[in-house]
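Asker: Whatever this is, show me its structure:
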Amino acid sequence: MGKYSNEKWYLIEKKRYITEYGEIPPHWIIFPNSHPYSMMWRMGAGETFSMVFSNWFKDHFENEIDKINFFLKYPAPPRWLEIMATYIWEIDLNSEQEFTESTFLKKLKYLGFLGTDEYLRDLEDPKWLD
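Answerer: Numbers count the residues shown, from 1 in each chain. All right, here's what the predicted structure looks like:
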């Protein structure tokens with residue numbers, strides 16, 4: 001059970017997303033024009049959504065196959081692949097090598113996730129600096 005599973009604010013937010021989407025979709029569906037390392041994920045609506053999604057995801061997906069199938073339903077923009085990998089494999093990439101050199105990016109490509117060749121270009125696109 002996730003850290004916030006019984007918190008009133010979480011239950012309200014969870015219900016809101018499930019009413020609209022049938023489940024809680026990943027970050028890039030709710031905020032499609034966002035960058036995964038934007039400050040918006042550390043405060044305000046982005047931070048709240050991140051907490052809700054993380055908690056809900058932990059409560060609903062225990063095995064790797066189910067996690068992979070969930071994300072295959074919601075194709076991620078290339079810049080989001082690293083974040084998606086952290087949810088699938090519960091890895092801390094801060095202690096890993098660069099994601100572009102990791103086995104995880106190769107694994108995503110093997111599993112049929114699109115955008116693996118564009119990951120770095122999308123992540124570092126100058127449009128995110130505006």
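Asker: Spatially central residue in this structure, please.
Answerer: In the chain, the centroid-proximal residue (CA atoms, centre = their mean) is residue 84; its distance is 4.4 Å.
Asker: roughly how far apart are that one and residue 77?
Answerer: 10 Å (CB to CB, to the nearest Å). Every residue, glycine included, has its C-beta placed from N, CA and C.
Asker: List the buried residues for stretch 2-21?
Answerer: 2, 4, 10, 13, 14, 17 (16 or more other CB atoms under 10 Å).
Asker: I'd like the residues you listed laid out as JSON lines, including secondary structure and distance to residue 67.
Answerer: Converted to JSON lines, the buried residues of stretch 2-21 look like this (DSSP: H, G, I helix; E, B strand; the rest coil; distance: CB to CB, whole Å):
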{"residue": "2", "secondary structure": "coil", "distance to residue 67": "15"}
{"residue": "4", "secondary structure": "coil", "distance to residue 67": "19"}
{"residue": "10", "secondary structure": "helix", "distance to residue 67": "20"}
{"residue": "13", "secondary structure": "helix", "distance to residue 67": "21"}
{"residue": "14", "secondary structure": "helix", "distance to residue 67": "18"}
{"residue": "17", "secondary structure": "helix", "distance to residue 67": "18"}
